[in-house]
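Q: Give me coordinates for this.
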Amino acid sequence: MIAPRRRWRSTIRVRLTLLYAGAFFLAGAVLVALMYLFLRQVLDHQTGPVGALHHLTPDVQGAFRAQYQRDRDATLDTMLVASLIMLGVVGIAAAGFGWLLAGRALYPLQQITATARRVADRSLDERIALDGPDDEIKDLADTLDSMLERLDRAFDSQHRFVANASHELRTPLTINRTLIEVALAGPHANEAMRQLGATLLAVNERHERLIDGLLTLASSEQRIAEPTRVDVADIARHVTTESAAAARSAGVHVRTRLRPAPVEGDPVLLERLAQNLVDNAIRYNRSERGRVTVDTGVVDGSVHLTVENTGPPLQPYEVPGLFEPFRRRPSTERIADSANPLIGRGAGLGLSIVQSVARAHGGDVNASPREGGGLTVRVRLPAAAGREGAERVRAEVASLPG
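A: You can find the predicted model right below:
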């Protein structure tokens, strides 16, 4: 496969170099023009030996004047050509020096950019801490450091709030579940009480899932601090095995094609990603003879996890809204709400969590409607083995039977 040609990008360094070179050539051209005019004026006023030939015949004087005019023109032409050549040579050297000077002047900005890129990819702990003269660039670096400090405190405060809130909310829900279970196990529980208790337990369980989803969504909004090597195929195999009972209850057939897919990441978050995709594929499916296909592998140096399901038709303009928190598919044909008690009604966080986890691992996720109904969701993550390792994995996969 031919790699796409990289588009040339006009950087500030290139523009500054062109500006330096253009200013030099302009000043040099003006200098050459002034020197040319000055020399021509001097030669026009300097008659020299031609003015002393008045004692000669007019023909001889005309010949001497013609020769002097040719010598004058040759001198001016030689001076102009030599000046332009030297201007070109020195201009090229000046452009080279301008490139070096522009790079030196922009080096602090490169430091700022590199630090900002590392902060965006990893965490907000790092600071620019630029050394140098107290100029505009240092003011910019100090301002960015102050902004990073405030962002760091804000994110830490947000994470602490989510953790504390989830803990405070889990405790009463756990107590409620225990009290309901104890009441239902009592000898005085009649049929009406048991139906009411089952409804309350279902509501309580949905609230617990909502809190777990919010906590996962908050914890996946940043890069993974200590990634470990894990195979997405193993995670997908575990998730599909755990969801087999729910799929059978819903009348959905799950097919898998799990090829090696090594990544560096958080196994818990990646398992939650795969679980949400499989649960959604089972939940939003056909009421009869539904299918779910789970596929993993390595394509062009990237790990992919693709989950495809049959289901109600979905319009392309409806897909972006599925990744918004607390947004569900507009269709009312959901197995979980009617025929499948093993998968409760979703809180609307499934694909939002999938997108956040994928971005936290340096990947992305996209979805597209299937022809005939259903959805195809494809997650791409950087392969753990790098480019050479990915080629080796593809070679090993190609050698497998079937």
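
Q: any idea how this structure splits into domains?
A: Here the domain parsing of the chain from automatic domain parsing is 12-121, 222-399.

Q: so how far is the shortest one from its chain's centroid?
A: On the basis of Cα atoms, centre = their mean, to the nearest Å, the separation between the geometric centre of domain 12-121 and that of its chain is 48 Å.

Q: Once you drop chain neighbours, what's closest to residue 102?
A: Distances taken as Cβ to Cβ, 6 or more residues apart in numbering put residue 16 closest to residue 102, at 4.0 Å, once the chain neighbours are dropped. In short, each C-beta sits where N, CA and C put it, glycine included.

Q: Please tell me the pLDDT value assigned to the one you found.
A: According to the prediction, residue 16 has pLDDT 86.

Q: quick one, which of the domains of the chain is nearest to residue 144?
A: Comparison of those against residue 144 by Cβ to Cβ identifies domain 12-121 as nearest, at 6.5 Å.

Q: List the buried residues of the helix or strand containing residue 296.
A: Under the criterion of DSSP states H and E, residue 296 resides in strand 290-299. When burial is assessed from 16 or more other Cβ atoms under 10 Å, strand 290-299 yields the following buried residues: 290, 291, 292, 293, 294, 295, 296, 297, 298.

Q: tell me the centre residue of this protein?
A: Computing the C-alpha centroid of the chain and ranking residues by Cα atoms, centre = their mean puts residue 362 first, at 7.3 Å.

Q: part of a helix, is that one?
A: No. Counting by DSSP: H, G, I helix; E, B strand; the rest coil, residue 362 is not found in a helix; it is coil.

Q: roughly how far apart are it and residue 124?
A: From residue 362 over to residue 124 the distance is 17 Å, taken as Cβ to Cβ, to the nearest Å.

Q: now do residue 185
A: Distance of residue 185 to residue 124, given as Cβ to Cβ: 49 Å.

Q: residue ranges with poor pLDDT in this protein?
A: In the predicted model, the chain carries pLDDT under 70 at residues 1-9, 46-56, 61, 120-123, 213-214, 216-225, 326-348, 385-402.

Q: And the helices in it?
A: Secondary structure of the chain (DSSP state H): helices at 12-45, 58-121, 136-185, 191-219, 232-242, 244-250, 267-283, 350-360, 386-399.

Q: With mean neighbour count and distance to residue 261 as added columns, please give the ones you listed in JSON lines.
A: Below are those laid out as JSON lines (neighbours: other Cβ atoms under 10 Å; distance: least, Cβ to Cβ, whole Å):
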{"stretch": "helix 12-45", "mean neighbour count": "14", "distance to residue 261": "40"}
{"stretch": "helix 58-121", "mean neighbour count": "13", "distance to residue 261": "22"}
{"stretch": "helix 136-185", "mean neighbour count": "13", "distance to residue 261": "29"}
{"stretch": "helix 191-219", "mean neighbour count": "15", "distance to residue 261": "21"}
{"stretch": "helix 232-242", "mean neighbour count": "19", "distance to residue 261": "4"}
{"stretch": "helix 244-250", "mean neighbour count": "17", "distance to residue 261": "21"}
{"stretch": "helix 267-283", "mean neighbour count": "23", "distance to residue 261": "10"}
{"stretch": "helix 350-360", "mean neighbour count": "23", "distance to residue 261": "13"}
{"stretch": "helix 386-399", "mean neighbour count": "13", "distance to residue 261": "8"}
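
Q: possible to save those helices as JSON lines with distance to residue 256?
A: Converted to JSON lines, the helices of the chain look like this (distance: least, Cβ to Cβ, whole Å):
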{"stretch": "helix 12-45", "distance to residue 256": "51"}
{"stretch": "helix 58-121", "distance to residue 256": "32"}
{"stretch": "helix 136-185", "distance to residue 256": "33"}
{"stretch": "helix 191-219", "distance to residue 256": "24"}
{"stretch": "helix 232-242", "distance to residue 256": "6"}
{"stretch": "helix 244-250", "distance to residue 256": "11"}
{"stretch": "helix 267-283", "distance to residue 256": "10"}
{"stretch": "helix 350-360", "distance to residue 256": "18"}
{"stretch": "helix 386-399", "distance to residue 256": "15"}
